[in-house]
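> prediction below, plus the sequence it came from.
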Protein chains: 2
Amino acid sequence: MRTLTGKELAAAIRAQTGAEAAAGPQPRLAVVVATDDEASLWYVRSIAKAAAGVGIACDIVDLGPEAAPERIGETLAKLSADANVHGLMLQTPLPAGASAQRLAAAIDPRKDVDGANPLSLGRLAAGLPAFPPATAAAVMALLDHYEVELEGRRAVVVGRSTVVGKPLAHLLLDRHATVTVCHSRTRDLASVTSAAEVLVAAVGRAGLIGAGHVAPGAVVIDVGTNPTDDGGLVGDVDFDAVSQVAGALTPVPGGVGPVTTALLLRHTARAANLP
Amino acid sequence: MRTLTGKELAAAIRAQTGAEAAAGPQPRLAVVVATDDEASLWYVRSIAKAAAGVGIACDIVDLGPEAAPERIGETLAKLSADANVHGLMLQTPLPAGASAQRLAAAIDPRKDVDGANPLSLGRLAAGLPAFPPATAAAVMALLDHYEVELEGRRAVVVGRSTVVGKPLAHLLLDRHATVTVCHSRTRDLASVTSAAEVLVAAVGRAGLIGAGHVAPGAVVIDVGTNPTDDGGLVGDVDFDAVSQVAGALTPVPGGVGPVTTALLLRHTARAANLP
């Protein structure tokens, strides 16, 4: 079985992004945060660090875990209108009562580097230019990097979130895969996922996908990032079990994750160079 | 086998819509046309006639088959800004060089009664309020009218258009079906469609779905409307053959079509009553 690591690909994307960023005025990414969730804050700091590494400025705009939805919306609108900001993202989770979907409508689609505005999703689905969510884009980048054929093949996405499952379904359809979306209400999940030549798990439940869910030789991409009791991270796929069956499998950590961050930066550099 | 006719349901929707339309100021639908395609013009006239029947005003704005994309866009923008117009749709086909997807972005989402603006599709996908395309909505209305269970069931949509296949996939997902989208590049289509408990054909190719594509007892919805040499209309499904296998099947004409027109009018009446 091939282990589809993301580190090499992420490094290549970062190197290219660094060159793009250096070619014009410095790109600037603003990340709006309204949480005290430790994993989330750690992720935002890792973005800032990676941005610095490729010459992209990154402002963390921390509104605190008690921020009112109106204040978050106003902040996004202000940053959308700020000509010095090229990329803009809203980190989740949000305070109770705040809807990421509704608030993200305030992000200028040209700065929507994590594809969170419903207009970006609609444009993606309609085949018009748009930034896809970085995680969904990372899955496609990994499949391309490892030259996984998609045209005419059966792809199954487990998870129907607006940030991963749904946009990913459109990206796979656009590449002429036959696409199935499964979720918590799917009956006999294993029988559906076992038909997949390309299987993507994006649910957020450790060990959801076992050996019995995977066809021999299938390519499996694990988008899950579930914290373990000892401070580690595991995916939605039982790596040891599935690696006995699958033809290829991404590790967690070190698979989709680093590519996601690298693509967020690439999107920011490209947003800075939009005509 | 049950024949799932749409006429009764369409009449019920029209009756309810007539009552909604009569309750406030008269709703007005504007249909922008830029084609000399006979089937398309016939459809637009049938909308106008149905609108009159429920007390909705309908303006056919015919720009002619040579209209420049800019002129179409300006017309949509003007009608979007017109407070007397509550519903607005752009009829296809369009002149060469005009993109329905791009032009529909000029339709105010609150007036986008045929769900053509990419923002409407994105909002639909994100679970936010939006008008779905009337055809996709008609499929759901028929399934509901005939009390077809969707939760946890395998639904297969053949066709990945922005006007039917893609929005329908989101509507089915929203109702907790496990959804597969097939298309022209799908390998071994019959093996995929045969797994469907609910099968929707929305491609536009007469006779594409035969008995070998359908599982015994499946519910089959035929969205296709293909003109025949003798001036008639047939669907994508071989009715006679499939009716020997399916548990239920919509006829063409008289299935999805009348419900689509009725829902377009319902959307217009509701658009007129948006707060």
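Alright, I've got the coordinates. Being a predicted model, the structure only gives us computed values, none of them experimental.

> quick one: the strands in chain A?
Assigned by DSSP state E, chain A shows strands spanning A:2-3, A:28-33, A:57-62, A:87-90, A:154-158, A:178-182, A:198-201, A:219-222, A:226-227, A:233-234, A:248-249.

> can you name the residues of the stretch 101-250 of chain A sitting close to chain B?
A:101-102, A:117-128, A:151-154, A:160, A:162, A:166, A:169-170, A:173, A:176, A:178-183, A:185-187, A:192, A:195 (Cβ under 8 Å from any Cβ of the partner chain). C-beta: built from backbone N, CA, C; applies to glycine.

> show the buried residues in the residues you listed.
The neighbour-count test (16 or more other Cβ atoms under 10 Å in any protein chain shown) applied to those identifies A:101, A:117-128, A:153-154, A:160, A:162, A:166, A:169-170, A:173, A:176, A:178-183, A:185-186, A:192, A:195 as buried.

> picking up where we left off before, so which of the residues of the stretch 101-250 of chain A next to chain B are in helices?
A:101-102, A:118-125, A:166, A:169-170, A:173, A:192 (DSSP state H).

> what's the lowest-pLDDT member of these?
Lowest in pLDDT among those is A:Gln101, which has 92.

> so for chain A, which residue is the most central one in space?
A:Thr135 (1.2 Å; Cα atoms, centre = their mean).

> among the strands of chain A, which is nearest B:Glu20?
B:Glu20 sits nearest to strand A:178-182 of all those, at 34.0 Å, using Cβ to Cβ.

> can you name every helix or strand that that closest one contacts?
Using 3 or more Cβ pairs under 8 Å, 6 or more residues apart in numbering or on different chains; DSSP states H and E as the contact test, the elements touching strand A:178-182 are strand A:154-158, helix A:165-174, helix A:189-193, strand B:178-182.

> ok, 10 Å please
Strand A:178-182 sits against strand A:154-158, helix A:165-174, helix A:189-193, strand A:198-201, strand B:154-158, helix B:165-174, strand B:178-182, helix B:189-193, with contacts defined as 3 or more Cβ pairs under 10 Å, 6 or more residues apart in numbering or on different chains; DSSP states H and E.

> what is the neighbour count of the residue nearest to A:Arg123 when sequence neighbours are not counted?
In space, and not counting its chain neighbours, A:Arg123 is closest to A:Ala130: 3.7 Å by Cβ to Cβ, 6 or more residues apart in numbering or on different chains. A:Ala130: 21 surrounding residues under other Cβ atoms under 10 Å in any protein chain shown.

> can you check the one 10 residues further on too?
Residue neighbour count, defined by other Cβ under 10 Å, stands at 21 for A:Met140.

> now do the contacts for A:Ala81.
With Cβ atoms under 10 Å, 6 or more residues apart in numbering or on different chains as the criterion, the residues that contact A:Ala81 are A:108, A:111.

> correction: the previous question concerned A:Val198.
By Cβ under 10 Å, 6+ apart, the neighbours of A:Val198 are A:139, A:143, A:148-150, A:153-157, A:172, A:177, A:179, A:218-221, A:248.

> do the same with A:Ala262
Counted by Cβ under 10 Å, 6+ apart, A:Ala262 has contacts A:6-7, A:9-17, A:50, A:54, A:134, A:137-138, A:141.

> A:Leu208 reaches A:Asp238, doesn't it?
Yes: the pair A:Leu208 and A:Asp238 passes the contact test of Cβ atoms under 10 Å, sitting 8.3 Å apart.

> which residues do those two both contact?
A:Asp222.

> one step back: nearest to A:Ala68, of the ones in helices among the residues of the stretch 101-250 of chain A next to chain B?
For those, the nearest to A:Ala68 is A:Arg102 (13.4 Å; Cβ to Cβ).

> separation between the nearest residue to that closest one once chain neighbours are set aside and B:Gly159?
Counting by Cβ to Cβ, 6+ apart, B:Leu128 is the residue found nearest to A:Arg102 once chain neighbours are left out, at 6.8 Å. For B:Leu128, the distance to B:Gly159 equals 24 Å [Cβ to Cβ, to the nearest Å].

> again with A:Val158
A:Val158 is 23 Å from B:Gly159, by Cβ to Cβ.

> for A:Asp229, same thing?
47 Å.

> thank you, goodbye.
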